[in-house]
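Chemist: Need a 3D model of the sequence below.
(one chain, ligands or ions: 1)
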Amino acid sequence: MEQLVSQNKQPVTYLRLSVTDKCQLRCFYCAPHSKFIWQPHEKIMRYEEMLRIINIMSNIGVEKIRITGGEPLLKKDIARFMGNVADIPGIKDVSLTTNGLLLGKHLQDLMDAGIKRINVSLDTLNPAIFKSITGVDAFQVVWDNIVKSMEMGFHPVKLNVVAMKDINDNEIIDFATLTMNMPLNIRFIEFMPIGPAAHLMAKHFLAVDEIIDKIKTELGPIVPIKKEFNKHQGPATLYRLENSVGELGFISAMSHHFCETCNRIRLTCDGKLRPCLLNDIEFDLLSPIRMGAGDNDLEAIIRKTALLKSRPATGNMTCIKKCMRPMISIGG
Ligand code: SAM
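Modeler: Below is the predicted model of the structure:
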């Protein structure tokens, strides 16, 4: 097997797979409120098509799959599908990113399918602000489901917090404090210029360095967590507060690029393979599949896509292009 690699020979081992573009929430920075139209059913990959692509990828060294969306828990039989993904030889890690709304109903099935790792997206601990960000009054449901996941033994349970000036920057300390007594990993994510978020960057962007400074000033020193203990950590830089139970992670996609070490590719629910989130290049895998392409042809498209992963030309934010497709239809 020849390992799938990027232009600078970085092994590509991680697929983020979006299984649907549907979501119950309308987060103002992710899903355009009124204009978003779901892809018609026939344009969405079927589970067999997704499994075929993952099989080909696992043969060339992809070993970690994150299921995302849209909202993946809206998809019928998702736990069974995730179990099928986990059963593919070579796949070592299958995880889920969810808005948490339906999580309670799926926890037992996910556990039975062998899934342990769950990320829940939650930008605020304030029910009114939750409603203003997402358009839905459902903070308590999500919070109860997060607590239930921890009680049932899912680990790690990560909370993805997109840090935004004038929206939730006054809650950074509240989120970080949660890790003192709860086994939660709080991951602060920089706001990215994707789809409807592009024009909001100037207003809401908050750099990870500012977040770290705030936490250190108010809560004291943070201790780096060594990489070897966290082989599935992805792009987050990890720390913990002294004597805390949980962890803090910081994802600085904009202020400190991690392109040189990025090991991921993305497959949208309509079968488009993307080398990079912040770039609109994508290659169609679904049409060739439906026109009868063989595994070798599909592998060639996968290799071509991975080779377009490159290091940025400069170290500053301007080298990142805007991405026109909204995050809800790419899969975050
Ligand atoms: N529905 C699932 C969820 O809520 O986690 C999965 C899809 S959602 C698009 C995945 C993640 O992308 C969420 O954590 C969301 O906050 C994040 N996201 C969406 N748009 C973003 C942006 N412009 N910048 C940073 N993160 C973004």
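Chemist: what about the lowest-mean-pLDDT helix or strand in the chain, near the ligand?
Modeler: Taking all helices and strands of the chain together, the one with the lowest average confidence (mean pLDDT, DSSP states H and E) is helix 327-330, at a mean of 78. Yes: counting by CB under 6 Å from any ligand atom, the ligand has neighbours in helix 327-330: 327-328. C-beta coordinates here come from the backbone N, C-alpha and C atoms, glycine included.
Chemist: Identify the residues contacting that helix?
Modeler: 18, 21, 23, 29-31, 36, 39, 69-70, 192, 194-195, 197, 266, 268-270, 274, 277, 323 (CB atoms under 8 Å, 6 or more residues apart in numbering).
Chemist: same thing but at 6 Å, please
Modeler: 21, 23, 30-31, 70, 194-195, 268 (CB atoms under 6 Å, 6 or more residues apart in numbering).
Chemist: just stretch 40-58 next, same as before
Modeler: Residues from elsewhere that reach stretch 40-58, judged by CB under 6 Å, 6+ apart: 15, 81, 85, 88, 90-91, 269-271, 286, 289, 295, 298-299.
Chemist: ok so, going back, generate CSV for the contacts of helix 327-330, with pLDDT, secondary structure and neighbour count as supplementary columns.
Modeler: Supplementary listing: those in CSV, determined by pLDDT from 0 to 100; DSSP: H, G, I helix; E, B strand; the rest coil; neighbours: other CB atoms under 10 Å:
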residue, pLDDT, secondary structure, neighbour count
Asp21, 94, coil, 24
Cys23, 94, coil, 23
Cys30, 90, coil, 24
Ala31, 83, coil, 21
Gly70, 94, coil, 27
Ile194, 86, strand, 22
Gly195, 80, helix, 20
Thr268, 96, coil, 25
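Chemist: which residues in this structure form strands?
Modeler: In the chain, the segments counted as strands under DSSP state E are 14-18, 64-68, 93-98, 117-121, 157-163, 184-190, 222-224, 237-241, 247-251, 264-267, 272-274, 283-284.
Chemist: and the ones you listed as CSV, adding mean neighbour count and distance to Asp144?
Modeler: CSV is the format used below for the strands of the chain (neighbours: other CB atoms under 10 Å; distance: least, CB to CB, whole Å):
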stretch, mean neighbour count, distance to Asp144
strand 14-18, 24, 26
strand 64-68, 23, 22
strand 93-98, 22, 14
strand 117-121, 21, 11
strand 157-163, 24, 13
strand 184-190, 23, 14
strand 222-224, 14, 29
strand 237-241, 19, 25
strand 247-251, 24, 22
strand 264-267, 24, 31
strand 272-274, 23, 34
strand 283-284, 14, 40
